[in-house]
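# Show me how the following folds:
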Amino acid sequence: MHAMTTVVFDQQQPAHQKALSKLASDQIAWFGSIRPDGRPHSVPVWFLWHEGTALIFSEERTQKIRNLGHDGHVVLTLESNGDGSDVVILDGTAAISGENATAWLPRIGDTYGTKYAGGIVGLGMDLSTMAAKFDQVIVFTPTKLTAW
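Numbering: from 1, shown residues only. The predicted structure is shown next:
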């Protein structure tokens, strides 16, 4: 993984305050990565903002996982409110955690399970079966924030 600096959220900036609020509450983010041939790839993902990183559970055989093996530079974009305001775009780096999703559950399971309770049930799963299926954990570390 490349050397990185962590985004500094300035609590005095209203846009930064909104960005942190959205990171804590938004259900969906768009994860943009780079294919080995240089083309962009963007998919909606569930994520959990945890200790300055976004954690994303993924199945192993996905394009985003393959892309990270080639290039860890990614972008995470939150939904705007429909009129182009409340924009949050985070540039950064991502890597696959050395621990699978099940190993992460003791630390984040309660929070993740509460945030996505309806969606997990909608998949016909519980948190444990979901973590077993979506066993890869992408750890996204932001290096730049663009927000308004």
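
# and the helix or strand containing Asp110, how far out from the chain's middle?
In this structure, Asp110 sits in helix 101-115 according to DSSP states H and E. Put simply, helix 101-115 sits 14 Å off its chain's centre (CA atoms, centre = their mean, to the nearest Å).

# What mean pLDDT does that helix get?
Mean per-residue pLDDT for helix 101-115: 97.

# Same question for stretch 54-65.
The average pLDDT for stretch 54-65 rounds to 98.

# Equivalent analysis for stretch 130-148, please.
On average, stretch 130-148 scores 96.

# Pull out the buried residues from that stretch.
130-131, 134-142, 145, 147 (16 or more other CB atoms under 10 Å). All C-beta atoms are positioned from the backbone trio N, CA, C, and that covers glycine.

# what are the ranges of the strands in this structure?
29-34, 40-45, 48-50, 53-58, 73-78, 88-96, 136-147 (DSSP state E).

# what's in contact with the fourth one?
In this structure, residues lying in contact with strand 53-58 by CB atoms under 8 Å, 6 or more residues apart in numbering are 23, 29, 31, 45-48, 64-65, 76, 90, 94, 97, 101, 104, 108, 112, 130-131, 134-142.

# out of the strands of the chain, nearest to Gln17?
Nearest to Gln17 among these is strand 136-147 (9.4 Å), distances taken as CB to CB.

# so what does the closest one touch, helix or strand wise?
helix 14-25, strand 53-58, helix 63-70, strand 73-78, strand 88-96, helix 101-115 (3 or more CB pairs under 8 Å, 6 or more residues apart in numbering; DSSP states H and E).

# which residues are contacting stretch 72-79?
Against stretch 72-79 from outside (CB under 8 Å, 6+ apart): 1-2, 19, 22-23, 26, 28-34, 47, 54, 68, 86-95, 140, 142.

# Quick one: buried ones out of the residues you listed?
19, 22-23, 26, 29, 31-34, 47, 54, 68, 86-95, 140, 142.

# how near is the closest residue to Gln17 other than its chain neighbours to Arg39?
Once flanking residues are discounted, Gln17 sits nearest to Gln11: 6.3 Å by CB to CB, 6 or more residues apart in numbering. Note on Gln11: its distance to Arg39, by CB to CB, to the nearest Å, is 38 Å.

# Same question for Ala117.
On the measure of CB to CB, Ala117 and Arg39 end up 35 Å apart.
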